[in-house]
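Visitor: Show me how the following folds:
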Amino acid sequence: MIDAMPPTEVANAERFERFGLAADAGAVARVRQDFTEWLRRFFDVDDVRRSDVVLAINEALANAAEFAYVQADRPGTVDIQAVYDAPTQTLSVCVEDRGRWRTRQTEPAPRTRGRGIPLMETLSDSAEIEPSASGTTVKLEWRGITRL
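Guide: Down below sits the predicted model:
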C-alpha cells in the first residue's frame, strides 16, 4: 500500500474535492460537514433533498472507512470528488478507496447493519458501485440540482 499523502482540498461552485482523507470516522464526519456547507453555499436545494444527498454520501464514505481496509496492515485513505454540470443540472459524486471490497450481504442483515447500499440507491437518482483489485468506486448522481 502507498503511504498516505497529506489531504488536498478544493471547493468552488463546480467542484468539491477531498483527496487522501484518512479512512476513519473523524475524517468522514469532517468531510460530511464541509460537503453540507458546500451544498448550502452554492446550490438551491431544499433541506430534505440536501439531507438525502448528504446521507447517501456519508454512507459511501462510512463504508470505505469501516470496511475497505479491514484486512490491511495499515490505515488507508478515501477520496471524494463532487462535480456539478450546470447545463444538465447534475451533481455527480465519486467516492473511492484503495482497499478490498466486502461482498454484499444477501441474507437478511441484522437490524442495525446492511442498510448503506440500499440507502445510497434510494436517495440518489443513480448509484453504481464498482469493486476492483485496486479498490472500490461509488458513483452517485442527482439530477435537477440548480445553483444559487
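Visitor: For the longest helix seen in the chain, which helices and strands make contact with it?
Guide: Counting residues, the longest helix found in the chain (DSSP state H) is helix 47-67. Packing partners of helix 47-67 (3 or more CB pairs under 8 Å, 6 or more residues apart in numbering; DSSP states H and E): helix 25-42, strand 77-85, strand 90-97, helix 116-123, strand 135-143. Yep, even glycine has a C-beta here, placed from its N, CA and C like the rest.
Visitor: closest one to residue 15 among the ones you listed?
Guide: For residue 15, the closest of these is strand 77-85, at 5.7 Å, according to CB to CB.
Visitor: what inclination does the closest one have with respect to strand 90-97?
Guide: 170 degrees (axes from the mean of the first three to the mean of the last three CA atoms, to 10 degrees).
Visitor: Run the chain-centre distance for strand 77-85.
Guide: Relative to its parent chain, strand 77-85 has a centroid offset of 7 Å by CA atoms, centre = their mean, to the nearest Å.
Visitor: And stretch 66-86, by the same measure?
Guide: Put simply, stretch 66-86 sits 8 Å off its chain's centre (CA atoms, centre = their mean).
Visitor: Only alpha carbons, please: show stretch 68-81 as CSV.
Guide: Taking Å, rounded to 0.1, in the frame of the first residue of the first chain, the C-alpha atoms of stretch 68-81 are listed here in CSV:
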residue,chain,number,x,y,z
ALA,A,68,-12.2,-1.2,2.8
TYR,A,69,-9.1,-1.6,5.0
VAL,A,70,-10.3,-4.3,7.4
GLN,A,71,-7.6,-6.7,6.2
ALA,A,72,-4.9,-4.1,5.5
ASP,A,73,-1.8,-3.9,7.6
ARG,A,74,-2.1,-0.1,7.9
PRO,A,75,-4.7,2.6,7.7
GLY,A,76,-5.9,3.6,4.2
THR,A,77,-7.3,6.7,2.6
VAL,A,78,-10.5,7.7,0.8
ASP,A,79,-11.2,10.3,-1.8
ILE,A,80,-14.4,12.2,-2.6
GLN,A,81,-15.0,14.3,-5.8
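Visitor: which residues are in contact with that stretch?
Guide: Identification of contacts with stretch 68-81 by CB atoms under 8 Å, 6 or more residues apart in numbering yields 1, 4-5, 15-24, 27-28, 31, 35, 57, 60-61, 64-65, 93-102, 135-136.
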